[in-house]
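Novice: Predicted model and sequence below, questions to follow.
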Amino acid sequence: MTGNKNYSMELLFKALADRTRLRLLNLIGDDEICVCFFVEVLGTNQPKISRHLAYLRKAGVVSGRRDGKWIHYRVVEPPDEYAANVFREVRSWLRNDSNMQLDRARLKQICCSTQLPIQLQKAPRPANLGA
């Protein structure tokens, strides 16, 4: 195994050193999630969520896709093999943390509800959340 000389170890660890960013990674899981759902689940404003997502994008662990006015985010593994191993372990830890599980349960409750909150009624629901 060899490390990628162009990948920033410091940037990865800084990205993972913030609770909100960890919560975002956990909420994304293996899905593709619209920013508007993060705002609803975390109870914070969209600019703050977007700043954290930008930091995660800069660290190379999420990517965004625009669909009209909606921006969807998904997790991507870092290009460096060592970083990817660390990242997989962190994601596993997040999946097993009881507080992070509460966030996922809230996301699932909101997304799978027959009546979405007004601000989410036109938002595309995550496709794989129930899987």
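Specialist: Happy to help now that I have it. Residues are numbered from 1 along each chain as shown.
Novice: Quick one: classify the residue nearest the centre of the chain as helix, strand or coil.
Specialist: The centroid of the chain falls nearest to Leu25 when counting by CA atoms, centre = their mean (3.2 Å). With DSSP: H, G, I helix; E, B strand; the rest coil as the basis, Leu25 sits in helix.
Novice: What pLDDT is listed against it?
Specialist: For Leu25, the pLDDT comes out at 98.
Novice: All further residue positions should be reported with the first residue as 231.
Specialist: From this message on, residue numbering opens at 231, which makes the last subject Leu255.
Novice: Now do the strands in the protein.
Specialist: Applying DSSP state E to the chain gives strands spanning 263-264, 292-297, 300-305.
Novice: I'd assumed Tyr237 was in contact with Ala313.
Specialist: Yes - judged on CB atoms under 8 Å, Ala313 makes contact with Tyr237 at a distance of 5.8 Å. To be clear about C-beta, it is placed using only N, CA and C from the backbone, and glycine gets the same treatment.
Novice: more crowded one of those two?
Specialist: It is Ala313, of Ala313 and Tyr237, that has more neighbours when counted by other CB atoms under 10 Å, with 22 against 17.
Novice: where does the chain have low pLDDT?
Specialist: 231-236, 342-361 (pLDDT under 70).
Novice: now the helices for it?
Specialist: 239-246, 249-258, 265-272, 276-288, 311-326, 328-342 (DSSP state H).
Novice: Save these as a markdown table, and put in distance to Trp300 too.
Specialist: Formatted as a markdown table, these follow (distance: least, CB to CB, whole Å):
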| stretch | distance to Trp300 |
| --- | --- |
| helix 239-246 | 23 |
| helix 249-258 | 15 |
| helix 265-272 | 7 |
| helix 276-288 | 12 |
| helix 311-326 | 24 |
| helix 328-342 | 14 |
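Novice: so which of those helices gets nearest Gly298?
Specialist: helix 265-272 (12.3 Å; CB to CB).
Novice: what helices or strands is that closest one leaning on?
Specialist: With contacts taken as 3 or more CB pairs under 8 Å, 6 or more residues apart in numbering; DSSP states H and E, helix 265-272 sits against helix 249-258, helix 276-288, strand 300-305, helix 328-342.
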